[in-house]
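S.K.: all I have is the shape, not the residue letters:
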């Protein structure tokens, strides 16, 4: 009995200590991270572009004085990702002075749409139908048509302060580019016209954009490389010319850039795609040139740019061994903190993509698996929200700084989840709880 008394006396004290410690001791690391993420998250009212934009004020503070904001998408064909970009564009135009929407499409396509939004020339449906083909067919949607039409309506009301449209990619060099370069030479440098005409002979597209892109890759590699060499010679010829006086200076700048876009297309197709090293080199080249085009546009026009692309392309780090370095990394190198990267994720829902049978299908994904980035983000209290990954408390940032399986869906499906560390890849993150397919105006083929 004497040995039992101390236990009886001490037991209530031990139980009290256990209770107190359990009340103040942090929970498991993931629970700590979730609490920190909930504290840092800013709820979004909607992803639709109409209505009050007040819930995007935190985004404005996070963007700060950036000249270029890259806004990604975790799938290439979901309604909410496309309308979110439209909504963010409206906010940045109204409150942060942004005046350009840049899309992952060809430079010449961007020029055609830019002319429409500024002047009203052309039919946007027809432009989108003829330009958004092959790899770009996923942009031919009701959502992007609404965005383009809003830009046109804005420019009608603001003739002295218009918004503009640009394409930063290379896969199609439309005839307008050749007309621009040769027209400049004809007016300001007639002595160059015969040489440029000879270098461009047979290169100007004579078919629809989709047919042109498919046919290019059927040419032998030696022929594609010879075409690339000719376009580089034309570009070099223009670059060596003195700027001259205005208005020739401005005309020269655009002519050189359009010649550069022609050369980018030819060079982009001149890699050996049967060699894995050639594929990696081509992907690095593509992201580099897209960053160069955006940086050139921003510097030439002086306009702030909202850049729309896949999550991978706006990111700082590559999560796919086929992509050595991403556009976001090149833009950070060029612009420093003048570039801000915004990644996106989703909990569950649907998207359009090409299946193994080469046909377009709607795919639906259920709730994310455990130990994935989306499983963590979907447990944060808000349905849709924005979070500044640079400013989150240590538990959340530490959790998001580790690479985990994360959905990164392009134009084809199925694709394996990639291992992505959001806090290393983006400055900001927008998580959507549920997504639905984009409304295609034509079925991609």
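M.R.: Nice, thanks for sending it over. Only a predicted model underlies this, so the values are computations on that prediction, with no experimental measurement involved.
S.K.: hmm, which helix or strand of the protein has the shakiest average pLDDT?
M.R.: Ranked by mean pLDDT, DSSP states H and E, the weakest helix or strand in the chain is helix 5-24, scoring a mean of 38.
S.K.: now residue 412: phi and psi?
M.R.: When read as degrees, to the nearest 10, the backbone of residue 412 gives phi -120, psi 150.
S.K.: list the beta-bridge partners for the spatially closest residue to it that is not a sequence neighbour.
M.R.: In space, residue 412 comes closest to residue 354 once its chain neighbours are excluded; the distance is 4.8 Å by CB to CB, 6 or more residues apart in numbering. Bear in mind the C-beta positions are built from the backbone N, C-alpha and C, glycine included. Taking DSSP bridges, one finds residue 360, residue 412 as the beta-bridge partners of residue 354.
S.K.: how close does residue 354 get to residue 56?
M.R.: Distance of residue 354 to residue 56, given as CB to CB, to the nearest Å: 33 Å.
S.K.: who's more crowded, those two?
M.R.: Between residue 354 and residue 56, counting by other CB atoms under 10 Å, residue 56 is the more crowded of the two (23 against 19).
S.K.: thought that one was touching residue 88?
M.R.: Yes - using CB atoms under 8 Å, residue 56 is in contact with residue 88, at 6.8 Å.
S.K.: quick one, what contacts the residue nearest to the spatial centre of the chain?
M.R.: Residue closest to the average C-alpha location in the chain (CA atoms, centre = their mean): residue 309, at 1.6 Å. By CB atoms under 8 Å, 6 or more residues apart in numbering, the residues touching residue 309 are 70-73, 103-104, 168, 290, 327.
S.K.: what is the nearest of the residues you listed to residue 156?
M.R.: residue 103 (21.1 Å; CB to CB).
S.K.: which helix or which strand is home to residue 226?
M.R.: helix 221-239 (DSSP states H and E).
S.K.: list the buried residues in the next helix or strand after that helix.
M.R.: Sequence-wise, the next helix or strand downstream of helix 221-239 (DSSP H and E) is helix 248-268. Applying a neighbour-count criterion of 16 or more other CB atoms under 10 Å, one finds 248, 251-252, 255-268 buried in helix 248-268.
S.K.: what segments of this protein are strands?
M.R.: With DSSP state E, the ranges of strands along the chain come out as 42-43, 68-71, 98-106, 164-169, 304-308, 339-354, 360-365, 385-388, 404-406, 418-420, 428-435.
S.K.: please identify the deepest-packed of these.
M.R.: Mean neighbour count (mean count of other CB atoms under 10 Å) peaks for strand 68-71 among the strands of the chain, with a mean of 28.
S.K.: what's it in contact with?
M.R.: Counting by CB under 8 Å, 6+ apart, 63, 84-85, 88, 92, 98, 294-295, 298, 304-309, 313-314, 327-328, 331, 335, 338-342, 344 sit against strand 68-71.
S.K.: ok, it: who's next to it in the sheet?
M.R.: strand 304-308 (parallel), strand 339-354 (parallel).
S.K.: mean confidence (pLDDT) on that strand, please.
M.R.: Averaged across strand 68-71, the pLDDT comes to 99.
S.K.: how far is that strand from where the chain is centred?
M.R.: 7 Å (CA atoms, centre = their mean, to the nearest Å).
S.K.: can you check stretch 278-287 too?
M.R.: On CA atoms, centre = their mean, the centre of stretch 278-287 falls 17 Å from that of its chain.
S.K.: relative to residue 161, which of the strands paired with strand 68-71 is closest?
M.R.: Proximity to residue 161 (CB to CB) singles out strand 304-308 among these, at 12.5 Å.
S.K.: what bits of the chain have low per-residue confidence?
M.R.: 1-28, 245-246 (pLDDT under 70).
S.K.: on that earlier part again, of the contacts of residue 309, closest to residue 43?
M.R.: Closest approach to residue 43 among the contacts of residue 309 (CB to CB): residue 71, at 18.1 Å.
S.K.: what helices or strands is the longest helix along the chain leaning on?
M.R.: Longest helix of the chain, by residue count under DSSP state H: helix 276-301. Identification of packing neighbours for helix 276-301 by 3 or more CB pairs under 8 Å, 6 or more residues apart in numbering; DSSP states H and E yields strand 68-71, strand 98-106, strand 164-169, helix 248-268, strand 304-308, helix 327-335.
S.K.: contact partners for residue 46?
M.R.: 87, 384.
S.K.: pretty sure residue 388 sits against residue 63.
M.R.: No - with contact defined as CB under 8 Å, residue 388 does not reach residue 63; the gap is 10.1 Å.
S.K.: what sits against the nearest residue to residue 128 once chain neighbours are set aside?
M.R.: Once flanking residues are discounted, residue 128 sits nearest to residue 140: 5.0 Å by CB to CB, 6+ apart. Applying CB under 8 Å, 6+ apart, we find residue 140 in contact with 128-129, 132, 440-442, 444.
S.K.: for the residues you listed, which one is nearest residue 36?
M.R.: For the contacts of residue 140, the nearest to residue 36 is residue 440 (39.5 Å; CB to CB).
S.K.: that closest one contacts residue 79, correct?
M.R.: No - using CB under 8 Å, residue 440 is not in contact with residue 79; the gap is 10.6 Å.
S.K.: now for these two: what residues contact both?
M.R.: By CB under 8 Å, 6+ apart, no residue touches both residue 440 and residue 79.
S.K.: so which of these two has more stuff around it?
M.R.: Counted by other CB under 10 Å, residue 440 and residue 79 do not tie: residue 79 has more neighbours, with 21 against 18.
S.K.: from residue 350, how far out is the more buried one?
M.R.: Taking CB to CB, one finds residue 79 at 9 Å from residue 350.
S.K.: repeat that for residue 214.
M.R.: 28 Å.
S.K.: over to residue 377?
M.R.: Distance, residue 377 to residue 350, by CB to CB: 18 Å.
S.K.: please apply the same query to residue 116.
M.R.: For residue 116 relative to residue 350 (CB to CB), the value is 31 Å.
S.K.: then residue 193?
M.R.: 53 Å.
S.K.: same question, residue 247
M.R.: Separation of residue 247 from residue 350 (CB to CB): 51 Å.
S.K.: same check on residue 225?
M.R.: 42 Å.
S.K.: just residue 276 next, same as before
M.R.: 33 Å.
S.K.: also residue 280?
M.R.: On the measure of CB to CB, residue 280 and residue 350 end up 32 Å apart.
S.K.: what of residue 283?
M.R.: Distance from residue 283 to residue 350, by CB to CB: 28 Å.
S.K.: what's the answer for residue 364, then?
M.R.: Residue 364 is 4 Å from residue 350, by CB to CB.
S.K.: try residue 142
M.R.: 16 Å.
S.K.: likewise for residue 135?
M.R.: Relative to residue 350, and taking CB to CB, residue 135 is found at 21 Å.
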